[in-house]
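Enquirer: Provided below are the primary sequence and the corresponding predicted coordinates.
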Protein chains: 2
Amino acid sequence: MELIFLGTGSGVPSKKRNVSSLALQMLQERQATWLFDCGESTQHQILRTNIRPRRIEKIFITHLHGDHTYGLPGLLSSRSFQGGETPCTVYGPKGLKAYIDISLEISGTKLTYPLKVIEVQEGCIYEDEIIKVEAIALEHGLESYGYILEEKDLPGELMPVKLKSEGIMPGPIYQKIKENESITLEDGRVIHREDYIGPPKRGKKLAILGDTRYIESLAGKIRGADILIHEATFAGKDEQLAYDYYHSTATQAARIAEQAEVGELILNHISSRYQNEAVDDMLEEAKEIFPRTFIASDFYRHPVRKMEGD
Amino acid sequence: MELIFLGTGSGVPSKKRNVSSLALQMLQERQATWLFDCGESTQHQILRTNIRPRRIEKIFITHLHGDHTYGLPGLLSSRSFQGGETPCTVYGPKGLKAYIDISLEISGTKLTYPLKVIEVQEGCIYEDEIIKVEAIALEHGLESYGYILEEKDLPGELMPVKLKSEGIMPGPIYQKIKENESITLEDGRVIHREDYIGPPKRGKKLAILGDTRYIESLAGKIRGADILIHEATFAGKDEQLAYDYYHSTATQAARIAEQAEVGELILNHISSRYQNEAVDDMLEEAKEIFPRTFIASDFYRHPVRKMEGD
Ligand SMILES: [Zn+2]
Ligand SMILES: [Zn+2]
């Protein structure tokens, strides 16, 4: 799993930062890419990466402000133009379906693949054998969500060295041990699976949040995330502005990360009023509170790792 | 007047050519910029020019395919975000208003300036003291227009040398001569304006066409344009493809230019299937038919001049 930040600005595109979009590459896990938000020109940013539009399986929209959505019709059309055939599902707040439908319809666009638009509410919005996605409500003056991704734990591996040392040689018997809580060998011995299997491989947990004011109670919902991606539209000194515009500061994002005891914090959605040193300062102010903080820029890549000591 | 090509590709953005948009800078004539089409990322392209979004007075949409419209909501929003206060009018086919309205409404966008959307039909769609705009129907499988811009002629200048040589000295009398067909001087002489005024300054004429199949009868409608901007999605050898997809070839565009006896032809809307030499070849094939042909690329600038000998 790898995060690729495609647009890390706020409100309007600038020369340095495009409007919001973030890709989560899950090539090994599911041969797919998931997108979070899709501001205008996201497909143009994608042209400069190794992301393949036809591999985009799901798109999660955090809220319907234009800087998070205006790239959707173009991306969905181009995915079709380029011959995409596999289904694509878009998740987001109420209103998303009407917006997508009318944009595609008025432009006479007929997609070559099945498109599903799911308007979400708080709670579990997707689950399969390997991952679960939950939407949590944020505070942004209009419906805005954070998406919590939780990989399922994988069962531990059989311990062949231990098995062999006890005279149990490789063969179909290994599969049997794996699949049953306990079995009886031909020699009468009873084998309990838990004694011959290593610890489960814990799944990773990501919290990818949309635009939001500082919400103190948020920490409880994202506790233990390996990575928290939180907006930091403003610097700490502009806390009042952040409040007035339904946004957060870098300091506030760090406070959430600390309270939630996450593995790493990545600051995102940076206003273009901050440039160069001012951006460095935002990172520093966050690190004082939560040392494992990073700040995103367009095309920044960040590997998704399980938190240490976990 | 100057043309700035912002997007000269076809269908989907490529690394070299963005989707359609063309700016007509009329800074001296009316302190304003007009846009023709507004594909996704037009506002990003504008960031790399000296065009100021708040100066964009009118936007003409040729047809509703996404590669000509998906940049509208973002551009209109950013014009607002950057404090635009002067009115903006968007012209285009039926359906345009619903698309713009729903895109702005669902994203919660409130513009800081008055926006008017005018759904056009064939005929004169705008006229003021200095310019007239006419829409002509094209053939593209859905409603598609060309826009013919005609500057009004300016009256000729008084000829002071001639007046002085006949003893008529500068003063309020000059204004009188200008404003009346004929006047009588104090000494009884009758002065006919036409004898003392140079030829009128002819206005320029531009034909900016949307996507279209080759239409032989088109030439009559754009006769005498100083500049014709015509799509050339395909090369001459791919005429059947052009027909099937409701597009034109470079050769066909040149044929129209020749028939219409225009001043200059600029080829636009080039498919990304043609690169480098293939694009040069398209220009050459057009030049063989119509020598004063140019081919647009993103950020190409072209001055608008009155045709020679006119
Ligand atoms: Zn927002
Ligand atoms: Zn078209």
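Expert: Looks like it came in fine. Residues are numbered from 1 along each chain as shown, chains lettered A, B, ... in the order given. Ligands and ions are numbered 1, 2, ... in the order given.
Enquirer: quick one: the helices in the stretch 101-250 of chain A?
Expert: Along the stretch 101-250 of chain A, the segments classed as helices by DSSP state H, counting those that start in this stretch run A:160-165, A:172-179, A:218-222, A:239-244, A:250-260.
Enquirer: Which residues does residue A:301 form beta bridges with?
Expert: According to DSSP bridges, the partner residues bridging residue A:301 are residue A:4.
Enquirer: residue contacts, it?
Expert: Listed by C-beta atoms under 8 Å, 6 or more residues apart in numbering or on different chains, the contact set of residue A:301 reads A:2, A:3, A:4, A:5. Glycine gets a C-beta too; all of them are placed from N, C-alpha and C.
Enquirer: Are any of those buried, and if so which?
Expert: A:3, A:4, A:5 (16 or more other C-beta atoms under 10 Å in any protein chain shown).
Enquirer: which one of those is nearest ligand 1?
Expert: residue A:5 (16.7 Å; C-beta to the ion).
Enquirer: pretty sure the closest one contacts residue A:25?
Expert: No - with contact defined as C-beta atoms under 8 Å, residue A:5 does not reach residue A:25; the gap is 11.8 Å.
Enquirer: Nearest to ligand 2: which residue in the stretch 151-300 of chain A?
Expert: Closest point on the stretch 151-300 of chain A to ligand 2, by C-beta to the ion, is residue A:298, at 29.8 Å.
Enquirer: Return the residues in contact with the closest residue in space to residue A:142 that isn't next to it in sequence.
Expert: Nearest-residue entry for residue A:142: residue B:108, 5.5 Å, with adjacent residues in sequence omitted and distances by C-beta to C-beta, 6 or more residues apart in numbering or on different chains. Residues near residue B:108 by C-beta under 8 Å, 6+ apart: A:64, A:65, A:141, A:142.
Enquirer: In CSV: the residues you listed, plus distance to residue A:217.
Expert: Below are the contacts of residue B:108 laid out as CSV (distance: C-beta to C-beta, whole Å):
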residue, distance to residue A:217
A:64, 24
A:65, 23
A:141, 18
A:142, 19
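Enquirer: Of those residues - the most surrounded one?
Expert: residue A:65 (26 neighbours; other C-beta atoms under 10 Å in any protein chain shown).
Enquirer: wait, isn't it in contact with residue A:141?
Expert: No - using C-beta under 8 Å, residue A:65 is not in contact with residue A:141, being 9.3 Å away.
Enquirer: buried residues in stretch A:101-109?
Expert: A:102, A:103, A:104, A:106, A:107, A:109.
Enquirer: actually stretch A:300-310, not the one I wrote
Expert: Those would be A:300, A:302, A:304, A:307, for stretch A:300-310 by 16+ other C-beta under 10 Å.
Enquirer: who's the closest residue in space to residue A:253 that isn't next to it in sequence bridged to?
Expert: In space, and not counting its chain neighbours, residue A:253 is closest to residue A:230: 3.9 Å by C-beta to C-beta, 6+ apart. Residue A:230 forms beta bridges with residue A:267, as assigned by DSSP bridges.
Enquirer: Residue A:256 is in contact with residue A:230, correct?
Expert: Yes - using C-beta under 8 Å, residue A:230 is in contact with residue A:256, at 6.2 Å.
Enquirer: neighbours of residue A:132, just the number please.
Expert: 17.
Enquirer: circling back: give me the more crowded residue out of residue A:230 and residue A:256.
Expert: residue A:230 (30 against 25).
Enquirer: so who does the one residue sitting closest to the centre of chain A touch?
Expert: In chain A, the residue lying closest to the centroid (C-alpha atoms, centre = their mean) is residue A:208, at 5.0 Å. Listed by C-beta under 8 Å, 6+ apart, the contact set of residue A:208 reads A:22, A:24, A:36, A:60, A:62, A:146, A:147, A:148, A:149, A:229.
Enquirer: Tell me how far it lies from residue A:4.
Expert: 13 Å (C-beta to C-beta, to the nearest Å).
Enquirer: hmm, who's touching the helix of greatest length in chain A?
Expert: With secondary structure taken from DSSP state H, chain A has its longest helix at helix A:277-289. Identification of contacts with helix A:277-289 by C-beta under 8 Å, 6+ apart yields A:232, A:235-236, A:250-251, A:253-255, A:257-258, A:265, A:267, A:270, A:274, A:293-295.
Enquirer: which parts of the stretch 1-150 of chain A sit against chain B?
Expert: A:11-15, A:18-19, A:40-41, A:43-44, A:47-48, A:64-66, A:69-71, A:73-74, A:77-78, A:81-82, A:95-96, A:98-99, A:102-104, A:106-109, A:141-142 (C-beta under 8 Å from any C-beta of the partner chain).
Enquirer: thought residue A:156 was touching residue A:199?
Expert: Yes - here residue A:156 reaches residue A:199: they are 5.2 Å apart, a contact under C-beta under 8 Å.
Enquirer: neighbour-wise, which of the two wins?
Expert: Legend: neighbour count by other C-beta under 10 Å for residue A:156 and residue A:199, higher for residue A:156 (15 against 9).
Enquirer: if we can go back for a sec, okay, the contacts of residue A:301 in JSON lines with distance to residue A:179 next?
Expert: Conversion of the contacts of residue A:301 to JSON lines gives the following (distance: C-beta to C-beta, whole Å):
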{"residue": "A:2", "distance to residue A:179": "33"}
{"residue": "A:3", "distance to residue A:179": "36"}
{"residue": "A:4", "distance to residue A:179": "38"}
{"residue": "A:5", "distance to residue A:179": "42"}
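Enquirer: how about a markdown table for the residues you listed, with pLDDT and distance to residue B:134 added?
Expert: Output for the contacts of residue A:301, formatted as a markdown table (pLDDT from 0 to 100; distance: C-beta to C-beta, whole Å):
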| residue | pLDDT | distance to residue B:134 |
| --- | --- | --- |
| A:2 | 97 | 54 |
| A:3 | 98 | 52 |
| A:4 | 98 | 48 |
| A:5 | 98 | 47 |
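Enquirer: Pick the one among those closest to residue B:115.
Expert: residue A:5 (32.5 Å; C-beta to C-beta).
Enquirer: which residues sit in contact with residue A:67?
Expert: A:9, A:10, A:11, A:12, A:19, A:20, A:39, A:40.
Enquirer: change it to 7 Å
Expert: Residue A:67 is in contact with A:11, A:12, A:19, A:20, A:39, counting by C-beta atoms under 7 Å, 6 or more residues apart in numbering or on different chains.
Enquirer: Return the members of those classed as buried.
Expert: A:11, A:12, A:19, A:20, A:39.
Enquirer: now, the most widely separated pair of those?
Expert: Greatest spatial distance in the buried ones among the contacts of residue A:67: A:12 and A:20, 11.3 Å, computed using C-beta to C-beta.
Enquirer: now, which of the buried residues of stretch A:300-310 sits nearest residue B:166?
Expert: Closest to residue B:166, out of all of the buried residues of stretch A:300-310 and judged by C-beta to C-beta, is residue A:300, at 77.7 Å.
Enquirer: which non-adjacent residue is nearest the closest one?
Expert: residue A:5 (4.6 Å).
Enquirer: Also residue A:124?
Expert: Nearest to residue A:124 is residue A:134, by C-beta to C-beta, 6+ apart, at 5.2 Å.
Enquirer: and the one you found, how many neighbours?
Expert: Residue A:134: 19 neighbours (other C-beta under 10 Å).
Enquirer: How about residue A:279?
Expert: If we define neighbours as other C-beta under 10 Å, then residue A:279 has 20 of them.
Enquirer: How many neighbouring residues does residue A:175 have?
Expert: Residue A:175 - counted by other C-beta under 10 Å - has 10 other residues nearby.
Enquirer: Retrieve the pLDDT associated with the one residue in chain A that gets nearest to ligand 2.
Expert: Across chain A, the shortest distance to ligand 2 (C-beta to the ion) belongs to residue A:108, at 8.7 Å. The per-residue pLDDT reported for residue A:108 equals 95.
Enquirer: got a list of what residue A:151 touches?
Expert: Here residue A:151 is in contact with A:130, A:131, A:203, A:204 (criterion: C-beta under 7 Å, 6+ apart).
Enquirer: All good on my end, thank you.
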